[in-house]
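>>> Everything below, folded, please.
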Amino acid sequence: MVGVVLAAGTSSRLGRPKQLLELSGKPMLRHVVDAALASPLDEVLVVLGHAAPQLAAILPASTRLRTVYNPRFASGQSTSVRAGLEAAGSAQAAVVLLGDQPGVRPEAIGAVVEAWRKGAGPVVQASYGGTPAHPTLLDRSVWEEVASVAGDEGARTVLSRHPEWRTLVEVGGDPPEDVDTEEDYLRVRARFGGP
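Below is the predicted model:
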(Lines give C-alpha, C1' and ligand atoms only; values in the text may rest on other atoms or scores of the structure.)
Protein backbone atom coordinates (compact mmCIF):
# COMPACT_ATOMS: atom_id res chain seq x y z
CA MET A 1 0.00 0.00 0.00
CA VAL A 2 1.65 3.20 -1.17
CA GLY A 3 0.85 6.87 -0.96
CA VAL A 4 1.53 8.98 -4.04
CA VAL A 5 1.98 12.64 -3.14
CA LEU A 6 1.72 14.86 -6.23
CA ALA A 7 4.13 17.76 -5.76
CA ALA A 8 5.60 18.34 -9.24
CA GLY A 9 3.51 21.31 -10.38
CA THR A 10 4.81 24.74 -11.36
CA SER A 11 2.49 26.77 -9.07
CA SER A 12 1.82 29.00 -12.07
CA ARG A 13 -1.13 30.82 -10.48
CA LEU A 14 0.88 31.67 -7.36
CA GLY A 15 4.16 32.52 -9.07
CA ARG A 16 6.37 30.71 -6.51
CA PRO A 17 6.58 27.08 -5.33
CA LYS A 18 3.50 26.76 -3.13
CA GLN A 19 4.78 23.50 -1.66
CA LEU A 20 7.42 25.56 0.19
CA LEU A 21 4.99 28.08 1.73
CA GLU A 22 5.17 28.06 5.53
CA LEU A 23 2.20 26.95 7.63
CA SER A 24 2.63 26.71 11.40
CA GLY A 25 6.41 26.67 11.06
CA LYS A 26 6.84 24.07 8.34
CA PRO A 27 6.46 23.97 4.55
CA MET A 28 3.06 23.03 3.16
CA LEU A 29 4.38 19.86 1.52
CA ARG A 30 5.71 18.64 4.89
CA HIS A 31 2.18 18.75 6.32
CA VAL A 32 0.97 16.39 3.58
CA VAL A 33 4.00 14.07 3.82
CA ASP A 34 3.84 13.98 7.63
CA ALA A 35 0.14 13.03 7.47
CA ALA A 36 0.97 10.26 5.00
CA LEU A 37 3.79 8.93 7.20
CA ALA A 38 1.46 9.01 10.25
CA SER A 39 -1.06 6.82 8.39
CA PRO A 40 -1.01 3.04 7.74
CA LEU A 41 0.68 3.42 4.33
CA ASP A 42 3.66 1.10 3.80
CA GLU A 43 5.54 3.56 1.61
CA VAL A 44 5.13 7.20 0.59
CA LEU A 45 6.24 8.30 -2.89
CA VAL A 46 6.62 12.05 -3.41
CA VAL A 47 6.47 12.94 -7.11
CA LEU A 48 8.66 15.97 -7.81
CA GLY A 49 9.25 18.05 -10.92
CA HIS A 50 9.40 21.85 -10.77
CA ALA A 51 11.80 23.03 -8.02
CA ALA A 52 12.63 19.39 -7.22
CA PRO A 53 15.94 20.06 -5.37
CA GLN A 54 14.34 22.61 -3.03
CA LEU A 55 11.39 20.34 -2.30
CA ALA A 56 13.53 17.25 -1.76
CA ALA A 57 15.58 19.23 0.77
CA ILE A 58 12.58 19.82 3.08
CA LEU A 59 11.37 16.22 3.18
CA PRO A 60 11.88 14.20 6.37
CA ALA A 61 14.35 11.34 6.58
CA SER A 62 12.34 8.12 6.60
CA THR A 63 12.89 4.61 5.31
CA ARG A 64 9.24 4.68 4.18
CA LEU A 65 9.73 7.77 2.00
CA ARG A 66 10.98 7.85 -1.58
CA THR A 67 11.09 10.64 -4.16
CA VAL A 68 10.18 10.12 -7.80
CA TYR A 69 11.22 12.67 -10.42
CA ASN A 70 8.73 13.36 -13.21
CA PRO A 71 10.60 14.91 -16.15
CA ARG A 72 7.27 15.57 -17.92
CA PHE A 73 5.73 17.59 -15.08
CA ALA A 74 5.03 20.58 -17.36
CA SER A 75 2.56 18.42 -19.33
CA GLY A 76 0.15 18.31 -16.41
CA GLN A 77 -0.94 16.36 -13.36
CA SER A 78 -1.66 13.17 -15.33
CA THR A 79 2.08 12.70 -15.94
CA SER A 80 2.77 12.84 -12.20
CA VAL A 81 0.01 10.34 -11.43
CA ARG A 82 1.53 8.04 -14.07
CA ALA A 83 5.07 8.49 -12.68
CA GLY A 84 3.85 7.67 -9.17
CA LEU A 85 1.97 4.56 -10.23
CA GLU A 86 4.92 3.36 -12.33
CA ALA A 87 7.20 3.74 -9.29
CA ALA A 88 4.78 1.89 -6.99
CA GLY A 89 6.27 -1.51 -7.81
CA SER A 90 4.18 -4.44 -6.63
CA ALA A 91 1.84 -2.40 -4.41
CA GLN A 92 -1.79 -3.50 -4.64
CA ALA A 93 -3.24 -0.02 -4.20
CA ALA A 94 -2.14 3.61 -4.16
CA VAL A 95 -3.57 6.50 -2.17
CA VAL A 96 -3.28 9.74 -4.17
CA LEU A 97 -2.58 12.88 -2.14
CA LEU A 98 -2.05 16.44 -3.35
CA GLY A 99 1.02 18.35 -2.21
CA ASP A 100 -1.04 21.56 -1.97
CA GLN A 101 -3.64 20.18 0.45
CA PRO A 102 -1.94 20.59 3.84
CA GLY A 103 -5.17 19.90 5.72
CA VAL A 104 -5.31 16.22 4.77
CA ARG A 105 -5.56 14.08 7.90
CA PRO A 106 -3.89 10.72 8.68
CA GLU A 107 -7.29 9.42 9.83
CA ALA A 108 -8.82 10.13 6.41
CA ILE A 109 -5.99 8.21 4.73
CA GLY A 110 -6.48 5.36 7.19
CA ALA A 111 -10.25 5.31 6.55
CA VAL A 112 -9.91 4.81 2.78
CA VAL A 113 -7.22 2.15 3.29
CA GLU A 114 -9.40 0.28 5.82
CA ALA A 115 -12.45 0.41 3.54
CA TRP A 116 -10.38 -1.00 0.65
CA ARG A 117 -9.04 -3.79 2.87
CA LYS A 118 -12.65 -4.69 3.76
CA GLY A 119 -13.55 -5.06 0.07
CA ALA A 120 -14.61 -1.58 -1.04
CA GLY A 121 -13.33 -0.30 -4.32
CA PRO A 122 -11.68 -0.44 -6.75
CA VAL A 123 -11.69 3.32 -6.03
CA VAL A 124 -12.24 4.53 -2.48
CA GLN A 125 -12.60 8.23 -1.86
CA ALA A 126 -12.92 10.21 1.35
CA SER A 127 -16.18 12.06 1.81
CA TYR A 128 -16.68 15.13 3.99
CA GLY A 129 -20.34 15.60 4.85
CA GLY A 130 -21.21 13.97 1.52
CA THR A 131 -18.63 15.94 -0.50
CA PRO A 132 -16.05 13.65 -2.17
CA ALA A 133 -12.45 14.85 -1.95
CA HIS A 134 -8.93 13.56 -1.37
CA PRO A 135 -7.48 11.21 -0.32
CA THR A 136 -8.45 8.87 -3.15
CA LEU A 137 -7.36 5.22 -3.20
CA LEU A 138 -6.86 3.47 -6.53
CA ASP A 139 -6.76 -0.32 -6.65
CA ARG A 140 -4.08 -1.74 -8.93
CA SER A 141 -6.81 -3.04 -11.27
CA VAL A 142 -7.61 0.53 -12.40
CA TRP A 143 -4.04 1.87 -12.71
CA GLU A 144 -3.75 1.19 -16.42
CA GLU A 145 -6.86 3.19 -17.23
CA VAL A 146 -5.90 6.01 -14.85
CA ALA A 147 -2.41 6.14 -16.41
CA SER A 148 -3.98 6.58 -19.86
CA VAL A 149 -5.39 10.00 -18.91
CA ALA A 150 -3.56 12.97 -20.48
CA GLY A 151 -3.12 16.64 -19.64
CA ASP A 152 -3.81 18.36 -16.32
CA GLU A 153 -6.18 15.71 -15.03
CA GLY A 154 -5.97 13.11 -12.31
CA ALA A 155 -8.41 10.23 -11.91
CA ARG A 156 -11.50 12.46 -12.23
CA THR A 157 -11.95 11.63 -15.92
CA VAL A 158 -11.85 7.89 -15.23
CA LEU A 159 -14.33 8.25 -12.35
CA SER A 160 -16.74 10.15 -14.58
CA ARG A 161 -16.61 7.22 -17.03
CA HIS A 162 -16.91 4.59 -14.27
CA PRO A 163 -18.94 6.01 -11.38
CA GLU A 164 -19.70 2.43 -10.29
CA TRP A 165 -16.04 1.99 -9.34
CA ARG A 166 -16.15 4.56 -6.55
CA THR A 167 -17.02 3.95 -2.92
CA LEU A 168 -17.27 6.97 -0.64
CA VAL A 169 -16.12 6.74 2.98
CA GLU A 170 -17.41 9.43 5.30
CA VAL A 171 -14.54 10.86 7.36
CA GLY A 172 -16.20 13.99 8.78
CA GLY A 173 -14.89 17.51 9.07
CA ASP A 174 -14.01 19.78 6.16
CA PRO A 175 -12.35 18.63 2.95
CA PRO A 176 -8.69 19.63 2.63
CA GLU A 177 -8.40 22.88 0.71
CA ASP A 178 -6.18 23.39 -2.34
CA VAL A 179 -3.75 26.30 -2.21
CA ASP A 180 -3.56 27.77 -5.72
CA THR A 181 -3.53 31.54 -5.14
CA GLU A 182 -2.21 34.05 -2.60
CA GLU A 183 -5.77 34.40 -1.25
CA ASP A 184 -5.98 30.62 -0.73
CA TYR A 185 -2.67 30.69 1.13
CA LEU A 186 -3.73 33.52 3.44
CA ARG A 187 -7.00 31.76 4.24
CA VAL A 188 -5.35 28.39 4.94
CA ARG A 189 -2.54 30.03 6.92
CA ALA A 190 -5.12 31.71 9.16
CA ARG A 191 -6.81 28.35 9.69
CA PHE A 192 -3.46 26.83 10.67
CA GLY A 193 -2.96 29.63 13.19
CA GLY A 194 -0.21 31.47 11.33
CA PRO A 195 0.35 35.23 11.23
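>>> Tell me which stretches of this protein form strands.
Assigned by DSSP state E, the chain shows strands spanning 2-7, 22-23, 26-27, 43-48, 65-69, 93-98, 123-128, 131-139, 166-170.
>>> winner for burial among the ones you listed?
Highest mean neighbour count of the strands of the chain: strand 2-7, a mean of 28 (counted as mean count of other Cβ atoms under 10 Å). C-beta: built from backbone N, CA, C; applies to glycine.
>>> For this protein, give me the ranges with low pLDDT.
Applying pLDDT under 70 to the chain flags the ranges 151, 194-195.
>>> what residue lies at the spatial centre of it?
When Cα atoms, centre = their mean is applied to the chain, the residue found nearest the centroid is Leu97 (1.1 Å).
>>> now that residue: how far from Pro135?
The gap separating Leu97 from Pro135 is 5 Å, by Cβ to Cβ, to the nearest Å.
>>> okay, and the common contacts of the two?
Counting by Cβ atoms under 8 Å, 6 or more residues apart in numbering, the contacts common to Leu97 and Pro135 are 3, 104, 109.
>>> Could you double-check that Leu137 sits in contact with Trp116?
Yes - counting by Cβ atoms under 8 Å, Leu137 touches Trp116, with 5.2 Å between them.
>>> The closest residue to Gln101 other than its chain neighbours: how many residues sit nearby?
Distances taken as Cβ to Cβ, 6 or more residues apart in numbering put Pro176 closest to Gln101, at 3.8 Å, once the chain neighbours are dropped. For Pro176, the neighbour count with other Cβ atoms under 10 Å is 24.
>>> got a list of what Pro176 touches?
With contact set as Cβ under 8 Å, 6+ apart, Pro176 has these partners: 98, 101-105, 133-134.
>>> Please apply the same query to Val124.
Contacts of Val124 were listed using Cβ under 8 Å, 6+ apart, and they are 112, 115-116, 136-137, 166-169.
>>> how close does the closest residue to Pro175 other than its chain neighbours get to Val96?
Spatial nearest neighbour of Pro175, excluding adjacent residues (Cβ to Cβ, 6+ apart): Ala133 at 3.6 Å. Distance, Ala133 to Val96, by Cβ to Cβ: 11 Å.
>>> Longest helix in the chain, by number of residues?
Assignment by DSSP state H gives helix 106-117 as the longest helix of the chain.
>>> other SSEs contacting that one?
Applying 3 or more Cβ pairs under 8 Å, 6 or more residues apart in numbering; DSSP states H and E, we find helix 106-117 packed against helix 28-37, strand 93-98, strand 123-128, strand 131-139, strand 166-170.
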